[in-house]
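one predicted model, sequence on top.
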Amino acid sequence: MMNEPVTSCLAPSFLPATAVLEMTYRCNHECLFCSCPWYSPRRDYKTHRELSVKEWKDVIRKLCTMGISSFAFTGGEPLLKKGIFEIIAFAAECRAIYIETVGDSLVREEKPPEIHLLSNGKIVDDRVLQFCRDRSIHLGMSLPGLSSFKAHTQKSEAHEVTSKFSAAHALGLSTHVGITVTKKNIHELYETMAESLLAGADSVLLNRFMPGGRGLVHAEELMLSCSDITVMLDTAEEVLRTADRKGNIGTELPLCLIDGDKYTHLTVGTQCSAAIDFFVIDPAGYMRVCNHSPVQICHVKEIEKAKDHPYWRRFALKDYLPSQCSGCAAMGRCDGGCREAAHIWSGQVDSPDPLQVNGEIKKMRLSARRNE
Amino acid sequence: MIYVLSGIFIVLLILSLSFSGCGKTAGPSSPGSLRPGAAVASPQTKPATQNLSREEIAAKLKKLSESPPPKDLKMGAECYKVAMPPDRAEYLCPVCGQRTLYASEKKGRSADAGFIEEDLPECRRLIKEIKGLDVSLNESEYCRKCSPDAKNPALILVVKYQGLGTPYRYRNIRSEDLILIREFMEGKDRHRDSYDFETPMKDHLKRLNELLGVQ
């Protein structure tokens, strides 16, 4: 007798499949655009003793039993964390639970989790690259401009990162370049993307500048306008199409701002993934819905409490659409931009996206919008 | 005295070496934690494209396009969503907070997966926009914890009428239905569907009767 396909099953836990682990508060750059909440001038983010290597291992072990199948190690700068390689090596040896569709059925499998290391690249060396290559770790490095690199990071030069992409490529290591696009570097976005792809980066992840963390101090000089967003998207598409490579826009955009159909090499996100596809654990073990968020939900030791936490639920159930989006035909496909950036900028999770404040967006509406 | 001073010197030397910094390594090929500045110096001192015109850069990109694209791409679509999400649809229950996973068909989305990912979020938002009627959604059939035996789950519209003890339930509600109810309660004389096509509201009376349990 043939087995019935398993079309649905209870997940191992309420948690999303990806955990972003912030290894340390420390960083060896001082990026103007940094959204790490502990750098906010509001000083409203409580920092505590960082987790030890053993504590991180305990966290990772527990998360694997709860259905996390992908870990992203970040910070601050994760390579500054003492014992970072012991932690990552441990994670790479764990058994994660994968439940995915095979044919028309859900199939459960246990195997090592996907591992991502997200670094500013400053102290990435051949040993780091070899470490990543040996464990199939995907490496992301940040490149916020070329001539504007130092102005953004306050510390380094662009070539200190682009050379790492070349070395990684030579080793056969999978990499992506993370480019935070600001008013100060949009003029050289084409060149920045080209440089990183030619240096060997496999893909591009663009993030528009979002106010938060240290970035709040520099918001005026860094914030993009709606027309800048169009330039960013068009430029990225041009580079990627010419090179026949793929790229993504992180930090979701309001759908009414973009003409998504014209981008064939660029994927533009319009929906928030916080508490749905990923969540964050800060250096001291406090959970947040996403890396931009300054709201500490609970400590990972009491992880089950997050499930019923009103702030977590707001994101997990997508209960945050701005009132101005009411009646829009795209309500099922768009979350009205970045909800956490809206929260930080305007004070409420259901505030308009920072791009839409001050009437900047000039009420662009989809043709099927109702209630007009 | 000399021996004492030598001994003190040796102790100090040992102490200074033990605080010189490197953490434990994990395995023979692991570098251990890095001291700042331990990176190998880069042979480049400026971007390779710095003195090139945009046309020249484009030519280089064109040449790159002739090489095969990378395999096993790890694409991030949102923020730190760096991994490709697992191939499945995920339903989060608003009552118990648990997550139920649904298979997606190989060649597209199954009815359940498609509804969960595309229609249900819109339904949750639309129900809040209906004024003048005590309506809510019952999603319990989608949750394997709340309804472990449910097969072919469907969304249920619950309507409470004053004076009636038992709420009216309509099973298998869709977002288009909720839009229709909202427009009706707003007193609109026409219904506009998702393709912007308008039809008179009275053409939909039969459907409204079914949805609201009114004869």
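Sure, I can see it.

now the helices for the chain?
Using chain A. For chain A, applying DSSP state H gives helices covering A:53-65, A:84-93, A:126-134, A:149-153, A:159-171, A:189-199, A:219-222, A:226-243, A:310-316, A:339-346.

switch to chain B, that's the one I care about
With DSSP H, the ranges of helices along chain B come out as B:2-18, B:54-65, B:111-114, B:120-129, B:175-185, B:205-212.

columns mean pLDDT, mean neighbour count and distance to chain A on top of those, output as CSV?
Glycine gets a C-beta too; all of them are placed from N, C-alpha and C. Listed next are the helices of chain B as CSV, based on pLDDT from 0 to 100; neighbours: other CB atoms under 10 Å in any protein chain shown; distance: least, CB to the nearest CB, whole Å:
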stretch, mean pLDDT, mean neighbour count, distance to chain A
helix B:2-18, 44, 9, 14
helix B:54-65, 91, 15, 4
helix B:111-114, 80, 18, 7
helix B:120-129, 90, 20, 3
helix B:175-185, 93, 21, 7
helix B:205-212, 94, 15, 17
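
got the end-to-end distance for stretch B:195-203?
In stretch B:195-203, first residue to last residue: 17 Å (CA to CA, to the nearest Å).

among the helices of chain B, which is nearest A:Ser227?
For the helices of chain B, proximity to A:Ser227 was assessed by CB to CB; helix B:54-65 is nearest, at 20.2 Å.

from the contact counts, what lies against the closest one?
Counting by 3 or more CB pairs under 8 Å, 6 or more residues apart in numbering or on different chains; DSSP states H and E, the packing neighbours recorded for helix B:54-65 are helix A:189-199, helix A:226-243.

show me the strands in chain A, by range?
Ranges of strands within chain A are A:8-10, A:18-22, A:70-74, A:96-102, A:105-111, A:114-119, A:138-142, A:175-181, A:203-208, A:247-249, A:266-268, A:278-281, A:287-288, based on DSSP state E.

can I get these in JSON lines with mean neighbour count and distance to A:Arg214?
Compiled in JSON lines, these are given as follows (neighbours: other CB atoms under 10 Å in any protein chain shown; distance: least, CB to CB, whole Å):
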{"stretch": "strand A:8-10", "mean neighbour count": "18", "distance to A:Arg214": "41"}
{"stretch": "strand A:18-22", "mean neighbour count": "26", "distance to A:Arg214": "15"}
{"stretch": "strand A:70-74", "mean neighbour count": "25", "distance to A:Arg214": "16"}
{"stretch": "strand A:96-102", "mean neighbour count": "20", "distance to A:Arg214": "34"}
{"stretch": "strand A:105-111", "mean neighbour count": "14", "distance to A:Arg214": "39"}
{"stretch": "strand A:114-119", "mean neighbour count": "24", "distance to A:Arg214": "17"}
{"stretch": "strand A:138-142", "mean neighbour count": "24", "distance to A:Arg214": "14"}
{"stretch": "strand A:175-181", "mean neighbour count": "26", "distance to A:Arg214": "12"}
{"stretch": "strand A:203-208", "mean neighbour count": "25", "distance to A:Arg214": "15"}
{"stretch": "strand A:247-249", "mean neighbour count": "25", "distance to A:Arg214": "22"}
{"stretch": "strand A:266-268", "mean neighbour count": "21", "distance to A:Arg214": "26"}
{"stretch": "strand A:278-281", "mean neighbour count": "26", "distance to A:Arg214": "17"}
{"stretch": "strand A:287-288", "mean neighbour count": "26", "distance to A:Arg214": "17"}
